[in-house]
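In: Output the structure for:
(chains A and B)
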Amino acid sequence: MADAVLLAWNAWHYDWLRGYDAFANARYAEIVSTDYRLPSDAESGVWHSPPLWFALAGALGRVTTAIGWGHAQRPGQLLAAAAGLTVCALAFLLARALWPERRVLHLVALILVAASPALVRASAMYHPETLAVALATAGVLVAVRALSTRWTVASAVACGALLGLACLTRAWALPVLVVVAVAAALDAGRRRHWLPVAALAAVALALLAPWLVNQQVAHGSALAFNRRPPAGSLLERRPTSFYLGLHTLRSAEHPITPLARNELVPHLYADWWGDWALTWDSPPPPAPAELLPSAVVSERARQMLVGIVPSVLALAGLLALAILATTRRWAALAILPLSGLAVVTAYVLFAVRYPSTDGDTIKGTYLLMILPAAGVGAAFVVDVLRPRRGLWVPVTGVALAVFVAAQLPFLIL
Amino acid sequence: MTRGRVDGLVGASRVDERRAARLGLSAAAVVVLVQLGVGAAWSLRNDDPTELDLTRQCLERDKGLTIEATTEDSVAASASGGTLRTVVEGGLVTVSVAGSHAEVERLRAAYATHDDPGRRLDVHGRYVFFWLREPRRGQRQVTYDCAY
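Out: Next comes the predicted model:
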């Protein structure tokens, strides 16, 4: 409930034009909902994005404009907020589907996901990312439940539809679809029951294929992006600093553009936990970092500290889930770390393939797709390693409360 | 199945989980420490670059521009943060870095001593850009991108 209020409040108060690709997103939504066609590359800089969210946001915007409510982008922001809230609920359900009896684990997963700044920020923007994450996580939840019991045609169709729609919203859902399809195929092979996995693949492909074919025909690649990759070897496209993150320490005290620009880990970390590109609540337009009000800098520097423990727990959690899934041969659990690994691999390849001088291909929101799995993983580590007796339950509760309270000044607009 | 057997299975599964969590935590700690170690090693072996150094690097590496020393500009030469000169999309610009707002105002006033430079004089934070001709928006943006 509190998260619903937070996300709705932020969506209502956030200046939609400050969000990523805001104007290009608005043009796309306008074209797809009024002309019923995809925008050309000259009409919108995000023509490479799949159309589902734009169609929904555009249609909602037309309705609210027609009834005199005014603001054509606000419904899209509220849609992103609703999707963000759904992601939180799905993380909770995912934890419960895997460990039904562990209420602390469910609660920790919910809180870690809900208080993730990248999710909160994306939920306020006029942007498709949260809807894609919600649809993909719902698909993963269906798959986890089916792998824990038995795939039926109905569950396979639901899973294929959710993941297909997620891919029709953002391409980052594609690695998740591949992992789920492989897991379902392995399960089908073990049970010698192929109909459900065939239904899953057929539904997902039926939804996704027209988009991929269109991109291939119109732009020469099913996974076309809004710029051509530079010529030359993939290994030569990024300097060593991109991989090593030389300004990691400096960016911890000053996590703002342009410091650590195009250094993968510190740039991503600063943007996930804070607001590296200054698109959140800093005074517009962004001034050079040295001249920002000191409160803006110190607030983001505090976020860097707050993020350390949950980040370590998330990484540890994904690794722990992978180890546990391997030792127990637990296919339902394996989907989480494997989809996380697949999304991260796809993202790093993308960031290397498309270097940009201003660092716009490095954003925390690009990795939102792994948030539910990372949240469940972190919650697993907390739940397993906390002592079972004495004051540790209230201590865990207090630690979570401090984690949330320390971030509230940043998270609430 | 007896109660003792069930307890035994639960106990074994807890051990599995604790082992997985500890291994995960250890691996994550190693990754984080390595990343911090790389950052610390770099910071110890390199002096933090000045704003002008960072701007020079940015203009050269990110924007592909050629940097020259500033000559025959006594105002820019007096900037405490240093100065450089480059050509952005055909427009010659002298970049000066001031140490304070007061110095920015001093540089601005010095440039305007003889005549009003209008939009050729562009102040962005502690940076003072003096263009030979009035810059286009895209030209200004290039310099803003490299202002630290």
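
In: for the strand or helix carrying residue B:144, which positions count as buried?
Out: Using DSSP states H and E, residue B:144 sits in helix B:137-145. Using 16 or more other Cβ atoms under 10 Å in any protein chain shown as the test for burial, helix B:137-145 gives B:139, B:140, B:142, B:143, B:144, B:145. In short, each C-beta sits where N, CA and C put it, glycine included.

In: Now the closest residue to residue B:127 other than its chain neighbours: phi and psi?
Out: Spatial nearest neighbour of residue B:127, excluding adjacent residues (Cβ to Cβ, 6 or more residues apart in numbering or on different chains): residue B:147 at 4.7 Å. When quoted as degrees, to the nearest 10, the phi and psi of residue B:147 stand at phi -90, psi 120.

In: does chain A sit close to the helix holding residue B:144?
Out: Yes. Interface with chain A: helix B:137-145 contributes B:144, B:145 (Cβ under 8 Å from any Cβ of the partner chain).

In: What lies in contact with that helix?
Out: A:258, A:288, A:357-358, B:58-59, B:62-63, B:65, B:88-89, B:91, B:93, B:95, B:122, B:124, B:127, B:129, B:131 (Cβ atoms under 8 Å, 6 or more residues apart in numbering or on different chains).

In: Now do the contacts for the residue of the stretch 51-200 of chain A found nearest chain B.
Out: In the stretch 51-200 of chain A, the residue that lies nearest chain B is residue A:99 (9.5 Å; Cβ to the nearest Cβ). Residues in contact with residue A:99 (Cβ under 8 Å, 6+ apart) are A:105, A:106, A:380, A:383.

In: any chance you could read off phi and psi for it?
Out: Phi and psi for residue A:99, reported as degrees, to the nearest 10, are phi -130, psi 80.

In: Distance of it relative to residue A:157?
Out: Relative to residue A:157, residue A:99 is positioned 27 Å away (Cβ to Cβ, to the nearest Å).

In: ditto for residue A:139
Out: 11 Å.

In: just residue A:143 next, same as before
Out: 12 Å.

In: which one of the two has more residues nearby?
Out: Using other Cβ atoms under 10 Å in any protein chain shown, the more surrounded residue of residue A:143 and residue A:157 is residue A:143, with 31 against 17.

In: Pretty sure residue A:332 is one of the things the more buried one touches, is it not?
Out: Yes. Using Cβ atoms under 8 Å, residue A:143 is in contact with residue A:332, at 7.5 Å.

In: Measure how buried residue B:41 is and give me the count.
Out: 13.

In: Give me the contacts around the host helix or strand of residue A:300.
Out: Taking DSSP H and E as the criterion, residue A:300 maps to helix A:294-306. Contacts of helix A:294-306 with the rest of the structure, by Cβ under 8 Å, 6+ apart, involve A:117, A:251-256, A:269-270, A:273-275, A:278, A:281-283, A:289, A:403, A:406-407, A:409-410.

In: Now for residue 133: which residues touch it?
Out: Just so you know, I chose chain A. With Cβ under 8 Å, 6+ apart, residue A:133 has these contacts: A:83, A:87, A:119, A:166, A:368, A:369, A:371, A:372.

In: um, chain B though
Out: With contact taken as Cβ under 8 Å, 6+ apart, residue B:133 is in contact with B:91, B:92, B:120.

In: Compare those residues and tell me which has the most neighbours.
Out: residue B:91 (20 neighbours).

In: Packing partners of the worst-scoring helix or strand of chain B on mean pLDDT?
Out: Here the helix or strand of chain B ranked lowest by mean pLDDT, DSSP states H and E is helix B:3-45, holding a mean of 78. Secondary-structure packing of helix B:3-45 (3 or more Cβ pairs under 8 Å, 6 or more residues apart in numbering or on different chains; DSSP states H and E): helix A:248-253, helix A:308-328, helix A:371-385.

In: Including mean pLDDT, could those helices go into a markdown table?
Out: Output for the helices and strands packed on helix B:3-45, formatted as a markdown table (pLDDT from 0 to 100):
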| stretch | mean pLDDT |
| --- | --- |
| helix A:248-253 | 82 |
| helix A:308-328 | 95 |
| helix A:371-385 | 96 |
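
In: I'd like those helices written out as CSV, with distance to chain B and mean neighbour count added.
Out: Shown next, in CSV, are the helices and strands packed on helix B:3-45 (distance: least, Cβ to the nearest Cβ, whole Å; neighbours: other Cβ atoms under 10 Å in any protein chain shown):
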stretch, distance to chain B, mean neighbour count
helix A:248-253, 3, 19
helix A:308-328, 3, 21
helix A:371-385, 4, 27
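
In: closest to residue A:95 out of those helices?
Out: If you check each of those against residue A:95 by Cβ to Cβ, helix A:371-385 wins as the nearest, at 4.9 Å.

In: got the angle between that closest one and helix B:3-45?
Out: 120 degrees (axes from the mean of the first three to the mean of the last three Cα atoms, to 10 degrees).
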